[in-house]
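>>> Please work out how this folds:
(chains A and B)
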Amino acid sequence: MTNIIISAKGLTKTYKQRSGRFGFGTTLVKALDDVSVSVKQGATLAVVGESGSGKSTLARCLLQLQPLDAGEVTFDGRNLAALSGKELRSARRHLQMVFQDPFASLNPRMKVGDIVGEGLLIHKIGDAQERREKVVRMLQRVGLGMADMAKYPHEFSGGQRQRIGIARALVLEPKLVVCDEPVSALDVSIQAQILLLLKELQQEMGLSYLFISHDLRVVRHVAEEVAVMYRGRIVEQGKVDQLYADPQQEYTRNLLNSIPGRHRLEN
Amino acid sequence: MELLRIDNLTVTPVTQPQRLLVSGVSFAIEAGKTTCVVGESGSGKSLTALSVMSLLPQSLQRVSGSIHFQGQDLTACSNAQLQNIRGKRIGMIFQEPMTSLNPVLNVGYQIGESLAVHLGLSGNALKNRVAELLEQVGIPASRAGSYPDELSGGQRQRVMIAMAIACSPAMLIADEPTTALDVTVQAQILELLASLKSRMHMGMLFITHDFGVVADIADDVVVMFRGEVVEMGPVESVLGNPRHPYTRALLDCVPDAEGRKPLKPIDYSWLNVPA
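Got it, this is the predicted structure:
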C-alpha cells in the first residue's frame, strides 16, 4: 500500500459574508462542505474548480492557516489540529506552499538570498555557513545563480520570481508542497518551464504535491489524481486518465467541454 | 472584402526610438472574419491593436506605418474624425470587465452612451435599443438598471460586448476578452462573440495568448514575437502545419487536454535570439 502523506476528512468551513443594504445583513457561505481528500507519498493530487469553488480555502485549511469549523487533517500520522503552536510550527517545515502571484508573494524589501534562507533561519537548521550553502544549491537547482542572492525581487521576471518562490518552499526539504495556481500568472512558454521544473524536483526530492488549478490542460500534465470542486464540495474524484476520458458528473463534463481548443466554433 | 490593412507599423518609446516595440508589422483583416493575433507578453500584440485606434500611451509613438480602415487612412485622421470612428465603426472590448465599467453608472446608461453620442438616439428609442442589445448578449433587459458590482464577471463582459456592438460597428477589436474569466464562462463568451460576428458580418481583431482560444475562433492567425510578425496565415495551416520555428516552439509548450504530448519549453538559444 502506498503511504498517505496527508489526509483530510470532513472539512467544513463557513464564511460570514456581509450582504444587503450597507452590508448590515450577513449571509453564510459554505466554502468547504464536507471535503475529504488525501495525497499519496510522492504523488500529485490536483484540485480543480472555478473561482469561488473553495479550492484555495481547502489549501489554507490543510495548512492550518485558517481555523476549520469541522473535520480533521492528518499529516504524516499526526492530527494537525491537536498540535500546540510550537509543534505546528515545526510541522510546517514539512508543509510548504508555492503561491500564485510571484509579484505579491515575495517581500520587496528583502534580498533573494534572505527570502530563500528565512525558513532555514526560523527552523534553526544548520549554522550560517551551512544555510548559505543550502540556499546557493537550491537557487542553482531552480536555475538561478549565486549572484542573484544579493538582488531584490523586482529585478527578476515573473518566471524567475516563481523560481524564487519554489526555492523558498523547497529549501526546507518539505514532504508536502501545496501549489496554489503556481503557473496561472505566467506566459505559456514560462509555464511549461515551471511545470517541468516542479516535476523534476518532485522526483529528485520525493515531494508530494497538492496542485490547485483552474486550468484542466495543466492539470492533465502534472497530476495522477484529480478532485473536481464545485461550490465547496468535491463533486468527482479519481485517476486523471479515467476522469478525463469518462467523466461521471454533469459538472465535470461541462468543465472538460469548456477547455478551449476542443470545439471549433462554426457559424 | 478587405476591412483593415496595417502596413509596416513600427512603434517605439518616445525617449528610446531605437527600441522597436512593434517592428514593421503588416497584415489585413477581412470583413466577416476573425483574425487572432497571438504571442507572449511583450510581443507587441496589444500595442498593435492600440495603434489601430490611435490610442497608444503618450510615452509611445508610431514612427512609421499606415493603417487603412475601409479605405480611409486612420493615421491621417484628426482627433474629431477618430472620435467618430471609435465606438461607432470600430468597437472595442478589453480584458478586465471589472475595471472597464464605471461603477457609479448603471449598465443601461453605459450601453446607451455611445448610442446617444454617435446615433443621436434618445428617450424611448434609446431605451428600446439598449433593451435589444442586452437581450442580444444574453442578459435580461430588466437588468438595464443594475450596477456593475451587481453582475458577475461573465455578465460584465457581456455588457462590455453590448457597448462595443451598440452602433453596429464594421469591426470589433477584442484584447484578451476572456483571459480573466472562468473556463466555462470563457466558452460562453467565445460562442457569443463568434455568433455576433457572423450575424453582424463584423471583422474581428482578437488578441490572445491562448492557442486553444485561437483554435476555437480564428479564421486567420498572426503570430508575433518581440514586436515582429513571424508567421501568418489561415488557422488550419498555422496551427496544423506551422512553418516558423517559433510558432512550433510556442505550440509545443501549450499543454494539451489529452496529455498525449510532452511539454517542451521554448529553447531560445536554438531560436537564435537572446532570452
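>>> the helices in the stretch 101-250 of chain B, which residues?
For the stretch 101-250 of chain B, the helices defined by DSSP state H, counting those that start in this stretch cover B:107-119, B:123-136, B:153-165, B:183-200, B:211-217, B:235-240, B:245-252.
>>> how about the strands in the stretch 1-150 of chain A?
A:4-19, A:25-40, A:44-48, A:70-75, A:78-79, A:95-98 (DSSP state E, counting those that start in this stretch).
>>> winner for burial among those?
Greatest average neighbour count among the strands of the stretch 1-150 of chain A goes to strand A:44-48 (a mean of 25), per mean count of other Cβ atoms under 10 Å in any protein chain shown. To be clear about C-beta, it is placed using only N, CA and C from the backbone, and glycine gets the same treatment.
>>> And the most centrally placed residue in chain A, which helix or strand is it part of?
Centroid-nearest residue in chain A, with Cα atoms, centre = their mean: A:Cys179, separated by 2.0 Å. Using DSSP states H and E, A:Cys179 falls within strand A:176-180.
>>> what helix or strand is whatever residue of the stretch 51-200 of chain A ends up closest to chain B on?
Closest contact between the stretch 51-200 of chain A and chain B, by Cβ to the nearest Cβ, is at A:Ala192 (3.6 Å). A:Ala192 belongs to helix A:188-205 when assigned by DSSP H and E.
>>> other SSEs contacting that helix?
Packing partners of helix A:188-205 (3 or more Cβ pairs under 8 Å, 6 or more residues apart in numbering or on different chains; DSSP states H and E): helix A:158-170, strand A:208-213, helix A:216-222, helix B:245-252.
>>> hmm, who's touching stretch B:246-265?
Residues from elsewhere that reach stretch B:246-265 (Cβ atoms under 8 Å, 6 or more residues apart in numbering or on different chains): A:188-193, A:195-196, A:215-218, A:220-221, A:240-241, A:244, A:256, A:259, A:261-262, B:38, B:40, B:211-212, B:223, B:225, B:230-231, B:238-239, B:242, B:266-267, B:271.
>>> Need the helices and strands packed on helix A:188-205 in TSV (columns: mean neighbour count).
Output for these, formatted as TSV (neighbours: other Cβ atoms under 10 Å in any protein chain shown):
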stretch	mean neighbour count
helix A:158-170	23
strand A:208-213	24
helix A:216-222	23
helix B:245-252	20
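>>> For the chain, give me the ranges with low pLDDT.
You didn't pick a chain, so chain A it is. Along chain A, segments meeting pLDDT under 70 span A:1-2, A:265-267.
>>> Hmm, no, I was thinking of chain B.
B:269-275.
>>> In contact with the closest residue to chain A within it, which residues?
Going by Cβ to the nearest Cβ, chain A is nearest to B:Gly212 of chain B, at 3.0 Å. Applying Cβ under 8 Å, 6+ apart to B:Gly212 gives the contacts A:Arg217, A:Ile259, A:Pro260, A:Gly261, A:Arg262, B:Val254.
>>> go with 6 Å
With contact taken as Cβ atoms under 6 Å, 6 or more residues apart in numbering or on different chains, B:Gly212 is in contact with A:Pro260, A:Gly261.
>>> What of A:Ile5?
By Cβ under 6 Å, 6+ apart, the contact list for A:Ile5 reads A:Val39, A:Gln41, A:Lys175, A:Leu176, A:Ser208.
>>> how many other residues sit next to the closest residue in space to B:Pro103 that isn't next to it in sequence?
Once flanking residues are discounted, B:Pro103 sits nearest to B:Pro148: 5.5 Å by Cβ to Cβ, 6 or more residues apart in numbering or on different chains. Neighbours of B:Pro148 under the rule other Cβ atoms under 10 Å in any protein chain shown: 21.
>>> Could you do B:Gln83 as well?
13.
>>> How about B:Ser100?
If you count neighbours by other Cβ under 10 Å, B:Ser100 ends up with 17.
>>> so it, which of the three states?
coil (DSSP: H, G, I helix; E, B strand; the rest coil).
>>> contacting residues around it?
Residues in contact with B:Ser100 (Cβ under 6 Å, 6+ apart) are B:Phe94.
>>> Equivalent analysis for A:Val48, please.
Listed by Cβ under 6 Å, 6+ apart, the contact partners of A:Val48 are A:Ser213, A:Val219, A:Val228.
>>> before we move on, back to that, can you pull the buried residues of the helix holding A:Ala192?
Buried residues in helix A:188-205, defined by neighbour count with 16 or more other Cβ atoms under 10 Å in any protein chain shown: A:188-199, A:201-202.
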